[in-house]
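Participant: Curious how this folds, go ahead:
(chains A and B)
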Amino acid sequence: MNLSLKPATAEGETLVDLATTPLRELNGALHKLAPDTNQTLWKIAHPAGRHAIAAGLDVPVTIEIDGPVGYYCAGMNKQARVIVHGNAGVGVAENMMSGFVHVKGDASQAAGATAHGGLLIIDGNASARCGISMKGIDIVVKGSVGHMSAFMAQAGTLTVLGDAGEALGDSLYEAKLFVRGSVSSLGADCIEKEMREEHKALLAEKLKAAGILGEVDIAEFRRYGSARTLYHFHVDNVSSY
Amino acid sequence: MTDHSNTPRTTPRASATFDDYTLSEIRRAAATGIYDIRGGGAKRKVPHFDDLLFLGASMSRYPLEGYREKCSTEVVLGTRFAKKPIELKIPITIAGMSFGSLSANAKEALGRGASAMGTSTTTGDGGMTNEERGHSTQLVYQYLPSRYGMNPDDLKRADAIEVVVGQGAKPGGGGMLLGQKITERVAAMRTLPVGIDQRSACRHPDWTGPDDLEIKIEELREITDWEKPIYVKVGAARPYYDTALAVKSGADVVVVDGMQGGTAATQEIFIEHVGIPTLAAVRQAVKALQDLGMHRKVQLVVSGGIRNGADVAKALALGADAVAIGTAALVALGDNDPHYAAEYAALGTRAGAYDDWHEGRDPAGITTQDPELMKRLDPVAAGRRLANYLAVLTLECQTIARACGKSHVHNLEPEDLVALTIEAAAMANVPLAGTDWIPGRNGGF
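Facilitator: Numbering: from 1, shown residues only, chains lettered A, B, ... in the order given. Below is the predicted model of the structure:
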């Protein structure tokens, strides 16, 4: 491997200092990893808000990033586990297909946007449009989410332990939303729905995946989903558009 | 009582303002309460390439022999940053059209026809199908606000990526695919329930503005290891600034789509009243590239109303590197063919005017997901028709280029052109025929 990386400090562990290693070199090396690589743990130092760190991965390795990341960290991720020990910029885990992304701090706008699969956990708050156009991802936000979260969300789950901002779930399709705290307002065609046993089981499953099952009371959550009144355009609904 | 029976009467006169079409639209709106939706591009007459003429060779310039001297047509797109630029044999590409709006057979036919002529085709809102990837030797993968079907595997198997900011038929508008065309396959590709009206977002979900776009393009390059050319497509609205900002954002290629460019479905009022004609957009886009010192370094693709080799030649002469065709390609496949005249009549329209593509009842089997109608389009035969048509466009363009003394179609230049109207002269920045007058020459752009 032609990389200016430090030697592995332990079996399967690779250290990369982005203060001295170009991002292209890091991402290029990650893209070349074989599925059965023994370089299964990558530790990234000095990310300094760099954009597109660990974007486009398709290999079952763990990336630990020691500090804040910029836009699109772990964008389009497949298989990889990406852990950010800091805050994340716009579009963390955008269009993720599978795998796991864990932001230990706060996340900016459009976290998990358009993502098809995998699990995104945000320990802090997520800004506006969290889960916008999500297509199957599971997102767990331990803090609160900003306005227009789950806008046009198509599939997957958004679980918020804190509060949700204005226009939650506007123009929602089939994504399922669980919010423990307050909701400033619901967007067009988003309504509160009954929390039946199957929904409690689904929520428990997501909380378990996030490692916090038992730490919060499922009974405190309320469920929101699509009223499906805007699925076919009708002039009588024109005030909703 | 006065007898008026012998008084001369004026002939009935329709209003130019309230013409038959306008009256019919008012009645339709009153009956339904919803705006008219249709496919295609602007139907109104606007200044276009027809308003330009080539001067040809004369005493001061000599032509090339039509059948003996070479006039090259190849074009390379994506030379700025991409490790693997697209090399096309002809400067005519197929514009983005989605599976969903078009049938699988139509997409396959587009791939077959384009590939036979050594050019590219483009996906659309709804993702990449195996049919079009398999039959397109060079495939451009559109990156749209909806991100329907977007995934890194298709991104990596594409030959180029086109970030769609807008399109000429509806700058500022999102996509629309009505429930009739959301079949199980289309719905699965878009992660949507079957049969619902699908309305795509008009803005990208995770970036806004050129500064963000620059970061988004960097991400796409990182994901694809800087191999793929990245296009930025804009609807013609403010082409000088949009082109400059696309260059600033890191685009390899800028695609400018004029208001004659088609859409699968949007509001009639949007198509006809938002955006500017292709002719008005080309020179502004070229000027932006020239002002930045990026002309021919960032390639320019122009689309919207390209119909024949003269249109191609004129776009190139004004400074484009290539053109893209959509509506014309569909017609070459068989769209609006008089062969189905009776069926068009049964739909309340006629061959040549059919534009209710969103309803999915296309007798030609192109703009439909109906399994029976789809069967009517033989992708092999339709692909051959498209290849023939592309060959004719190329030959026509070469004919004009040789007549102007050019050994490559890219050597055509504004100096070869004059305009028939003051409007076209001002828009294209070429002299009014028979004069040296370019209206507005010192008026900006």
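Participant: Residue of chain A nearest chain B, please.
Facilitator: A:Gly56 (3.2 Å; C-beta to the nearest C-beta). Quick note: C-beta positions are derived from backbone N, CA and C, even for glycine.
Participant: Quickly note the distance from that residue to B:Gln267.
Facilitator: From A:Gly56 over to B:Gln267 the distance is 37 Å, taken as C-beta to C-beta, to the nearest Å.
Participant: and these two? which has more neighbours close in?
Facilitator: Neighbour count, other C-beta atoms under 10 Å in any protein chain shown: between A:Gly56 and B:Gln267, A:Gly56 has more, with 26 against 19.
Participant: wait, isn't that one in contact with B:Thr224?
Facilitator: Yes - with contact defined as C-beta atoms under 8 Å, A:Gly56 and B:Thr224 form a contacting pair (7.2 Å).
Participant: on that earlier part again, which phi and psi does the closest residue to the residue of chain A closest to chain B other than its chain neighbours have?
Facilitator: Of all residues beyond its chain neighbours, the one nearest A:Gly56 is B:Ile223 (3.2 Å), with distances taken as C-beta to C-beta, 6 or more residues apart in numbering or on different chains. Backbone torsions of B:Ile223, given as degrees, to the nearest 10, read phi -60, psi -40.
Participant: In terms of secondary structure, what does the longest helix along chain A contact?
Facilitator: Ranked by residue count, the top helix of chain A under DSSP state H comes out as helix A:197-209. With contacts defined as 3 or more C-beta pairs under 8 Å, 6 or more residues apart in numbering or on different chains; DSSP states H and E, helix A:197-209 has these neighbours: strand A:135-141, strand A:155-160, strand A:176-179.
Participant: mind listing what's buried in it?
Facilitator: Residues of helix A:197-209 classed as buried under the neighbour-count rule (16 or more other C-beta atoms under 10 Å in any protein chain shown) are A:199, A:202-203, A:206-207, A:209.
Participant: now swap in stretch B:213-227 and tell me
Facilitator: With burial defined by 16+ other C-beta under 10 Å, the residues of stretch B:213-227 counted as buried are B:213-226.
Participant: pLDDT weak spots in the stretch 201-350 of chain B?
Facilitator: Applying pLDDT under 70 to the predicted model, the stretch 201-350 of chain B contains no residue that meets it.
Participant: Tell me how many other residues surround A:Leu26.
Facilitator: Using other C-beta under 10 Å as the criterion, the residues surrounding A:Leu26 number 25.
Participant: what do you get for B:Met189?
Facilitator: A count of nearby residues for B:Met189, using other C-beta under 10 Å, gives 18.
Participant: doesn't B:Val323 make contact with B:Val312?
Facilitator: Yes - in this structure, B:Val312 is within contact of B:Val323 by C-beta under 8 Å, at 5.3 Å.
Participant: Please report phi then psi for the nearest residue to B:Trp357 once chain neighbours are set aside.
Facilitator: Closest residue to B:Trp357 apart from its sequence neighbours, by C-beta to C-beta, 6+ apart: B:Gly39 at 3.2 Å. Torsion angles at B:Gly39 (phi, psi; degrees, to the nearest 10) stand at phi -100, psi 180.
Participant: wait, what's in contact with the nearest residue to B:Gln180 once chain neighbours are set aside?
Facilitator: For B:Gln180, ignoring the flanking residues on the chain, the nearest one in space by C-beta to C-beta, 6+ apart is B:Gly360 at 4.2 Å. If a contact means C-beta atoms under 8 Å, 6 or more residues apart in numbering or on different chains, then B:Gly360 has B:178, B:180-181, B:367-370 as its contacts.
Participant: Cross the buried residues of stretch B:213-227 against helices and list the overlap.
Facilitator: Secondary structure assignment by DSSP H places B:213-223 of the buried residues of stretch B:213-227 in helices.
Participant: thinking the residue nearest to A:Gly56 is in contact with A:Met76, fair?
Facilitator: Yes - using C-beta under 8 Å as the test, B:Ile223 is close enough to A:Met76 to be in contact (5.6 Å).
Participant: who touches both of these two?
Facilitator: A:55-56, B:152, B:155.
Participant: returning to that earlier point: just the buried ones from the contacts of B:Gly360?
Facilitator: Judged by neighbour count, with 16+ other C-beta under 10 Å as the criterion, the buried members of the contacts of B:Gly360 are B:178, B:181, B:367-370.
Participant: Columns pLDDT and distance to chain A on top of these, output as TSV?
Facilitator: Below are those laid out as TSV (pLDDT from 0 to 100; distance: C-beta to the nearest C-beta, whole Å):
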residue	pLDDT	distance to chain A
B:Leu178	75	8
B:Lys181	76	13
B:Thr367	95	19
B:Thr368	94	19
B:Gln369	93	17
B:Asp370	93	19
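Participant: what's the closest of the buried residues of stretch B:213-227 to B:Arg350?
Facilitator: B:Leu213 (42.8 Å; C-beta to C-beta).
Participant: That closest one contacts B:Val232, correct?
Facilitator: Yes - contact between B:Leu213 and B:Val232 holds when scored by C-beta under 8 Å: they sit 7.4 Å apart.
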